[in-house]
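> got a predicted structure here, sequence first:
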Amino acid sequence: MASAKELDEFLAAVERRAYKSALLALQDHHSALDVVQNAMLKLCERYGERPSNELPLIFQRILQNAITDHFRRAKVRNFWTTLLSPFKGADDEEAGDSLEALPGAVDTRPGTDPAGMAESSQHLAVIEQALAELPPRQRQAFLLRYWEEMDIAETAKVMGCSEGSVKTHCFRAVNTLSAKLKEKGIRL
Amino acid sequence: MNEQEFIAKVTEALDEGAGRLTSPTVEALRAGRRRALAGRRQRDAGGAHAWVAVLGWAHHHSRMFWLLLLLAVLLGMVGYQMLNDQDASDLDIQLLTDDLPPQAYLHGDMGSWLNAREQ
């Protein structure tokens, strides 16, 4: 059973990556925060008594389900919004958030080397944008397999698909990402 | 650059991005984590509080506590006995109503066993 300290340490270690993953998927700062906070709450409430070595897999599963649920709810909401749009005023429309414009995406505070920081921030924004543009399953597979460093079996469990599908998604994700970055003039 | 190097560079960039979150975002995540952990502690404490409350009540109403405990034990014993009686009577009914298959009478040993019983 994971102690409170182990849970705290685990969540502290994954919360930033979880937020970034949610942000890449949802492209909305507040939704990403909500999703991560709910996932943390659910993990502590329902699975806090599980051994600490099981926590990463469980947390990722909760997080990915929360992201999918958020998409489903947004789809239903969009349906009603579209249906009722003739009654909606023009001033209700909101400007779309781009990933770079999100308040939590990148810290733009001045650093020690402004030129280097600016270039690095620009590269980072382009890479994140390219990742955000990947098809959802490819992005999910890439982030779980390579960023969260899960093996193929674990990634398959979290994604609820076969190991073969994970390999295919990862292969396609790497190819698409590489092509996109080349297209945008980013050389890694 | 091979595939592994490309992946390493991208994940490195992602790590860098995660390390550069704005302080309000970091604070919001920390607050969310604290809330989640506090919920768990509260639940654990809730269970402990319930036991403390029961023991406290038992201490203050010791006579009533022992009476209730005795009643619970008695009820448990009666229930257990009733359950056993029910099982035994079911077994008797099954034995009494069970028909012996005709083939059993054709068996040589069965005849000798019945004779032995008659004697």
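Yes, it's here. Numbers count the residues shown, from 1 in each chain, chains lettered A, B, ... in the order given.

> which parts of chain B are strands?
Remark: strands of chain B are absent; assignment by DSSP state E.

> which segments of it make up each domain?
Following automatic domain parsing, chain B resolves into domains at B:1-60, B:64-119.

> helices along the chain, start to end?
By default, I'm working from chain A. A:4-26, A:29-47, A:55-84, A:114-133, A:136-142, A:152-159, A:163-183 (DSSP state H).

> you looked at the wrong chain, it should be chain B
B:3-19, B:23-60, B:62-97, B:103-106, B:108-118.

> need those in CSV (columns: mean neighbour count, mean pLDDT and distance to chain A).
All C-beta atoms are positioned from the backbone trio N, CA, C, and that covers glycine. Formatted as CSV, the helices of chain B follow (neighbours: other C-beta atoms under 10 Å in any protein chain shown; pLDDT from 0 to 100; distance: least, C-beta to the nearest C-beta, whole Å):
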stretch, mean neighbour count, mean pLDDT, distance to chain A
helix B:3-19, 16, 93, 4
helix B:23-60, 13, 80, 3
helix B:62-97, 10, 80, 29
helix B:103-106, 9, 66, 55
helix B:108-118, 9, 77, 59
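
> make CSV from these and add distance to residue A:30 to it.
Output for the helices of chain B, formatted as CSV (distance: least, C-beta to C-beta, whole Å):
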stretch, distance to residue A:30
helix B:3-19, 18
helix B:23-60, 9
helix B:62-97, 53
helix B:103-106, 80
helix B:108-118, 84
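
> next, the angle from the lowest-mean-pLDDT helix or strand in chain A to helix A:4-26.
Ranked by mean pLDDT, DSSP states H and E, the weakest helix or strand in chain A is helix A:114-133, scoring a mean of 81. Interaxial angle, helix A:114-133 versus helix A:4-26 (axes from the mean of the first three to the mean of the last three C-alpha atoms, to 10 degrees): 80 degrees.

> does anything pack onto helix A:114-133? Which helices or strands?
Helix A:114-133 is packed against helix A:4-26, helix A:136-142, helix A:163-183, helix B:3-19, with contacts defined by 3 or more C-beta pairs under 8 Å, 6 or more residues apart in numbering or on different chains; DSSP states H and E.

> which residues touch the last one?
Spelled out, it's helix B:3-19. A:16-17, A:19-20, A:105-106, A:120, A:123-124, A:127-128, A:131, A:143, A:146-147, A:174, A:177-178, A:188, B:1 (C-beta atoms under 8 Å, 6 or more residues apart in numbering or on different chains).

> can you give me the buried ones in the least confident helix or strand of chain A?
Buried positions in helix A:114-133, judged by neighbour count with 16 or more other C-beta atoms under 10 Å in any protein chain shown: A:117, A:120-121, A:123-131.

> ok, stretch A:64-73 next?
Within stretch A:64-73, the residues that count as buried by 16+ other C-beta under 10 Å are A:64, A:66-67, A:70.

> ok, these vs residue A:152, which is closest?
residue A:64 (15.9 Å; C-beta to C-beta).

> quick one: that closest one and residue A:141 touch, right?
No. With contact defined as C-beta atoms under 8 Å, residue A:64 does not reach residue A:141; the gap is 10.8 Å.

> hey, what's in contact with both of the two?
Shared contacts of residue A:64 and residue A:141 (C-beta under 8 Å, 6+ apart): residue A:159.

> hmm, who's touching stretch A:39-57?
A:1-3, A:6-7, A:10-11, A:14-15, A:18, A:58-59, A:62-63, A:66, A:148, A:150, A:154, A:157-158, B:32-33, B:35-37, B:39-40, B:43.

> okay if I get the buried residues of helix A:114-133 as a markdown table plus distance to residue B:23?
Converted to a markdown table, the buried residues of helix A:114-133 look like this (distance: C-beta to C-beta, whole Å):
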| residue | distance to residue B:23 |
| --- | --- |
| A:117 | 17 |
| A:120 | 19 |
| A:121 | 16 |
| A:123 | 22 |
| A:124 | 18 |
| A:125 | 19 |
| A:126 | 24 |
| A:127 | 23 |
| A:128 | 19 |
| A:129 | 23 |
| A:130 | 26 |
| A:131 | 24 |
